[in-house]
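>>> missing the sequence, but the structure's below:
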């Protein structure tokens, strides 16, 4: 009896291991970035140019937002003010609840990233709710300013426990390309840009989900600056080649 139990337990462990390995392969398969350019030019009438970053700890943590403010100002040739409406552990339910606070920042452009936390089994939301929340957030922002440029952003991959807690992460990130096409927003997909780096250069070794601030700056800022710059008819590099 003991022998059969041990064999059964061993088989179960192997099967679970195979499932987890397959999940990792599915989450980390390298695909081309699902980017989408802004369809309308970014106007630079406002002084300073105000950018509001909306999202999770991937936006609230120090690092790339500070660099973005400096380098985007150089690109656009005017002062830039970056405001963060972001908090660790929050999902898109929280994002929708911040709509009035976002409006008060009087943004000329906004970025949104919630897919990583929406996908969390513990404190995320369903796929349908994630899509609904993003639609409501974008609609609310555009009700106040119909021509507001909105950029959806797919952020860094997850490893270890953070990955296991987000088994459907690719399905959540897939919401963004669909919404970008349907709602005519911009989209920057940083996920494959991280996967294109050697493992040791991805900066995710500490906890599997929060990249090293220097690595995050190197991956995000040049692309975002060039992307916004092109929409504003400024020559600040080609974001498609980064």
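Cool, got the structure. In this text the structure is predicted, and so the values were computed from the model without any measurement.
>>> Show the subsequent helix or strand relative to the worst-scoring helix or strand of the chain on mean pLDDT.
Ranking every helix and strand in the chain by mean pLDDT, DSSP states H and E puts helix 2-27 at the bottom, with a mean of 50. Where DSSP states H and E defines the elements, the next helix or strand beyond helix 2-27 is strand 49-55.
>>> Over that following strand, what's the mean pLDDT, rounded is fine.
For strand 49-55, the mean pLDDT works out to 98.
>>> starting at the chain centroid, how far to that strand?
Mean C-alpha position of strand 49-55 versus that of the full chain (C-alpha atoms, centre = their mean, to the nearest Å) differs by 13 Å.
>>> where's the very next helix or strand once past that strand relative to the chain centroid, distance-wise?
The C-terminal neighbour of strand 49-55 among helices and strands, as given by DSSP H and E, is helix 57-60. Relative to its parent chain, helix 57-60 has a centroid offset of 9 Å by C-alpha atoms, centre = their mean.
>>> Tell me which residues of stretch 230-242 come out buried.
For stretch 230-242, burial by neighbour count (16 or more other C-beta atoms under 10 Å) applies to 230-232, 234, 236-237, 239, 242. Bear in mind the C-beta positions are built from the backbone N, C-alpha and C, glycine included.
>>> If you tally nearby residues, what's the number for the nearest residue to residue 48 once chain neighbours are set aside?
Distances taken as C-beta to C-beta, 6 or more residues apart in numbering place residue 79 nearest to residue 48, at 3.6 Å, with adjacent residues excluded. Residue 79 has 13 neighbours, counted by other C-beta atoms under 10 Å.
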